[in-house]
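Asks: 3D model of this:
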Amino acid sequence: CAATTGYGGGVIGRVLCIYLMVKGVEFQHTAAVNQTSGSELGTKYLEQLCDIWEKRGSGLTNRHGATGDIPLTGGRTQPLEESFYMLTHGGATRPLGSRGFTISCCLGGGYCEWACYDTLDLCNDLTHTYQDELHRPMWPYKFKIKFSGCGNDCVASIARADLSIIGTWRDDIRIDQEAVARYADDGMDIGVEVVDLCPTGCMTYDEKTLAIDNAECTRCMHCINRMKALRPVGPRGDAVDRAADKAPIPEGAQMLSWVIVPFVKIEKPYTAIKELLAKIWEWWDENAKMRERVGELVKRMGMRVFLKAMGLRRCRKWSTASRQSLRLLVAGGSDRSAGGNGK
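Replies: Here you go, the predicted structure:
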């Protein structure tokens, strides 16, 4: 990552080897400009960016990124400082570096009725809090944070972030039995379309009443999406997940997030989330190899080591399978393994 004066990052440097064959392509640097609040772009803002880059760069931009950033592509080395000054002093937001990537989120309650917390406010708060981390790379490799307002995870944070913060609720799902009956009368096969597709099998339907074992519910949102007769109620907050993202992983398949904090209430100034981030970054910085994502570090050192370093309380959601070594004392003095084979 090329550096601009006063910053450890800001421009992703790209130097091509074919400049002897094709004139003028020896440098093709890229500057990624931070997204605007709420990912809303006005025409005046876009005109300003395009004017800057047309005069001092290639004039080419793209919009295919998942975070909402605006990559300015095809820049040459000499005009970079001037372009950077115009971006930072002309009303545009600053470019980002190659380690702390742009914090991104879904549009939350502004567009979605299921949002369990204000994703835009949390995203804006953390973006301003961690300006140094965004602009001055200091870690072994990339670290991405993404916010989803509910379990639908519209920003794909489970697969594309090192830290996912996903909206959830603490109380039982509210069921409007009369509305459920209307869905059935209108032809919906509730058993096939809702109950049978529950990932934990926590739902039952006897042709009259729909019931949910909320202790086994994983808040996947499928039943709520299918029938508005179901709604989340009670205190809302988020579950904090940790992932490895889509960076090249030497062994095995790509890793997805798993829950490390089942519920935390979202309240300003978001102290709980910031304290957890500080612990993760310190542990990662102390133990990781170069170009090793935090998920890869956890895989190498073990989840138990990571959780102990974070000081997190035990949670059954951390277990991928039931214990197989448990032995039970039964009548007669013999013992029996959890699998049912007495020895």
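Asks: residues contacting C106?
Replies: By Cβ atoms under 8 Å, 6 or more residues apart in numbering, the residues touching C106 are C112, A115, T119, F147, S148, G149, C154, V155. Quick note: C-beta positions are derived from backbone N, CA and C, even for glycine.
Asks: what sits opposite the nearest residue to V233 once chain neighbours are set aside in the beta ladder?
Replies: Distances taken as Cβ to Cβ, 6 or more residues apart in numbering place R174 nearest to V233, at 4.6 Å, with adjacent residues excluded. Bridge pairing for R174 (DSSP bridges) gives the partners R231.
Asks: Ok, F143 next?
Replies: Applying DSSP bridges, one finds that F143 bridges with G100.
Asks: Surely it touches I103?
Replies: No. Proximity of F143 to I103 does not meet the contact threshold set by Cβ atoms under 8 Å, at 10.0 Å.
Asks: the more surrounded of the two?
Replies: Between F143 and I103, counting by other Cβ atoms under 10 Å, I103 is the more crowded of the two (27 against 22).
Asks: Who are the contact partners of that one?
Replies: C123, L126, T127, Y130, L134, K144, I145, K146, F147.
Asks: any idea which element the third one lies in?
Replies: Looking back up the chat, that one is T127. Element membership for T127, per DSSP states H and E: helix 119-129.
Asks: since we're on the closest residue in space to L163 that isn't next to it in sequence, how many residues are nearby?
Replies: Of all residues not flanking L163 in the chain, I145 sits nearest, at 4.8 Å (Cβ to Cβ, 6+ apart). Under the neighbour criterion other Cβ under 10 Å, I145 is assigned a count of 24.
Asks: before we move on, what about L277?
Replies: For L277, using other Cβ under 10 Å, the count is 19.
Asks: so it touches F143, yeah?
Replies: No. Using Cβ under 8 Å, L277 makes no contact with F143, being 9.1 Å away.
Asks: Find the residues that touch each one of the two.
Replies: Common contacts of L277 and F143, defined by Cβ under 8 Å, 6+ apart, comprise L163.
Asks: Let me see the ranges of the helices in the stretch 151-300 of the chain.
Replies: 157-160, 177-185, 190-193, 222-226, 271-287, 294-301 (DSSP state H, counting those that start in this stretch).
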